[in-house]
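Participant: Following is a predicted model, sequence given first.
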Amino acid sequence: MDIRELEAFKTARLEPIVSAGRLSISDSATAEPKQLLEVALANEINVSELAAAWMPGTREIDVKLAFARQAGDEAGHFQLVADRLAALGFDLASYQPPPENPMFAYLRTLESTVERIAAGLFTLESIAYGVNENFMALCAQHGDVETVRIYREYIQPDEQAHQQLGQRLLEKYATTPELERRARETVAKLLEIAGAVREKAAARFGTACVPGC
């Protein structure tokens with residue numbers, strides 16, 4: 001498939017989500033990084049569980065291993081965020097993941113390899129990378145340089161690598177017009193749901209700088 005065309009399609013539809021966070025940074029003085037890190041904690045474990053759940057039903061060994069890598073990396077991110085929250089006084093023993101949001105409910109309905117690559121690696125990780133940049137700017141505004149360092153040195157490089165892995169796998173497996181169509185529709189649907197979910201989160205937390213997975 002023409003991955004450049006799909007990348008441009010994704011970027012155009014992702015831009016409103018990223019722009020909302022960028023525009024809200026200066027208005028987010030009351031949004032505390034600690035509270036937003038609790039959202040990140042839920043996202044990280046949700047993505048790890050999702051990628052692990054997709055592994056048994058994936059026949060293609062390179063895709064299976066890509067999901068294994070994603071599951072492991074996101075579990076590592078969960079621990080990084082948990083350790084940072086503990087340093088900020090959060091009691092991890094009392095943590096209970098919130099109910100699954102509509103975005104993850106949609107992701108769990110995907111059954112084909114191409115749809116899962118397009119959603120879980122190619123798009124979800126691009127959302128995460130974009131919104132995390134805004135979250136890092138908010139943390140810097142609050143003087144939380146340690147959280148910025150964790151994201152810059154560990155989490156963001158992984159998110160970018162996952163997205164690039166998704167690009168390569170889509171080029172390999174989305175080889176017919178029908179598969180290309182399904183990939184494109186999956187990207188569009190996920191971004192539509194993500195936009196709605198993040199609008200609700202912005203209303204709840206008073207900022208669109210909520211971190212991603």
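Facilitator: Arrived safely, thanks for sending. Note that the structure is predicted; figures quoted are calculated from it, not measured.
Participant: And the helix ranked longest in the chain, what does it pack against?
Facilitator: As assigned by DSSP state H, the longest helix anywhere in the chain is helix 177-205. If you count contacts as 3 or more CB pairs under 8 Å, 6 or more residues apart in numbering; DSSP states H and E, helix 177-205 packs onto helix 3-24, helix 33-54, helix 102-107, helix 113-116, helix 124-141. Any C-beta I mention is one placed from the backbone N, CA and C, and that applies to glycine too.
Participant: For that helix, the averaged confidence score.
Facilitator: In this model, helix 177-205 has a mean pLDDT of 96.
Participant: for stretch 84-101, same thing?
Facilitator: Mean predicted lDDT for stretch 84-101 stands at 89.
Participant: before we move on, the earlier item: closest one to residue 170 among the helices and strands packed on helix 177-205?
Facilitator: Closest to residue 170 of the helices and strands packed on helix 177-205, according to CB to CB: helix 3-24, at 6.1 Å.
Participant: So which bits of that closest one are buried?
Facilitator: With burial defined by 16 or more other CB atoms under 10 Å, the residues of helix 3-24 counted as buried are 6-7, 9-10, 13-14, 17-18, 20-22, 24.
Participant: Can I get the residues you listed in a markdown table including pLDDT and distance to residue 159?
Facilitator: What follows is the buried residues of helix 3-24, written out as a markdown table (pLDDT from 0 to 100; distance: CB to CB, whole Å):
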| residue | pLDDT | distance to residue 159 |
| --- | --- | --- |
| 6 | 96 | 18 |
| 7 | 96 | 15 |
| 9 | 97 | 19 |
| 10 | 97 | 14 |
| 13 | 96 | 18 |
| 14 | 97 | 13 |
| 17 | 95 | 15 |
| 18 | 95 | 13 |
| 20 | 92 | 19 |
| 21 | 90 | 15 |
| 22 | 89 | 17 |
| 24 | 84 | 21 |
